[in-house]
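Asks: got a structure for you, letters missing:
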């Protein structure tokens, strides 16, 4: 059983950066460049996102970020659970922390972009189970058959 803790993290933490790079490489390998919206770890830092990491006994199990994209509107970015920790509630715990953070920041809506491929089905199911619904592209996104856009109010 995991003794998981979710807390704020920094892209500059070597273990967090390593998992973010695994996520970046996986997303780049899974989607054509024009349909891949994953951010490099350094870009997350530049954009001033709020980053959370789930850890068990110090080991990073998963990460997720929240970026403000407009007044009252946030976007989830870089949600990733280490392969060895999948199915243990890591993503659910990170998502709960990100939604709490969004509320604390005064955001009233949180949106996300994820893939439409079968490998993203567990992520889409997680988001739907937490009140996210399909929506049109938001921000600078455009329609793309390889993307699914979801949103929820807080």
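Replies: Received it, and whenever you're ready, just let me know what you need. None of the values given here were measured: they were computed from a predicted structure.
Asks: please make it C-alpha for all contacts and neighbour counts, starting now.
Replies: Will do.
Asks: how many residues are close by residue 71?
Replies: Neighbour count for residue 71, taken as other CA atoms under 10 Å: 10.
Asks: enumerate every residue touching it.
Replies: Contacts for residue 71 (CA atoms under 8 Å, 6 or more residues apart in numbering) come out as residue 107.
Asks: over to residue 137?
Replies: Shown in contact with residue 137 (CA under 8 Å, 6+ apart): 143, 149.
Asks: and it, that's in a strand?
Replies: No. Assessed with DSSP: H, G, I helix; E, B strand; the rest coil, residue 137 is coil; it does not lie in a strand.
Asks: from residue 113, how far out is it?
Replies: 8 Å (CA to CA, to the nearest Å).
Asks: overlap in contacts of those two?
Replies: Common neighbours of residue 137 and residue 113 (CA under 8 Å, 6+ apart) are residue 149.
Asks: listing request: residues of this structure with sub-threshold pLDDT.
Replies: Applying pLDDT under 70 to the chain picks out residues 1-2, 23-46.
Asks: need the three-state assignment for the most centrally placed residue in the chain.
Replies: In the chain, the C-alpha nearest the mean C-alpha coordinate belongs to residue 79, at 2.5 Å (CA atoms, centre = their mean). Put simply, residue 79 is strand when judged by three-state DSSP.
Asks: skip the chain neighbours and tell me the closest residue to it.
Replies: Closest residue in space to residue 79, ignoring its immediate chain neighbours: residue 64 at 4.1 Å, by CA to CA, 6 or more residues apart in numbering.
Asks: surely that neighbour touches residue 76?
Replies: Yes. Counting by CA atoms under 8 Å, residue 64 does reach residue 76; the two are 7.2 Å apart.
Asks: if I look at these two, which residues touch both of them?
Replies: residue 98.
Asks: distance-wise, check residue 63 relative to residue 142.
Replies: 26 Å.
Asks: which one of these two has more residues nearby?
Replies: Each of residue 63 and residue 142 has its neighbours counted (other CA under 10 Å); residue 63 has more, 29 against 12.
Asks: just give the nearest non-adjacent residue to the more buried one, would you?
Replies: residue 53 (4.4 Å).
Asks: assign that neighbour to helix, strand or coil.
Replies: strand.
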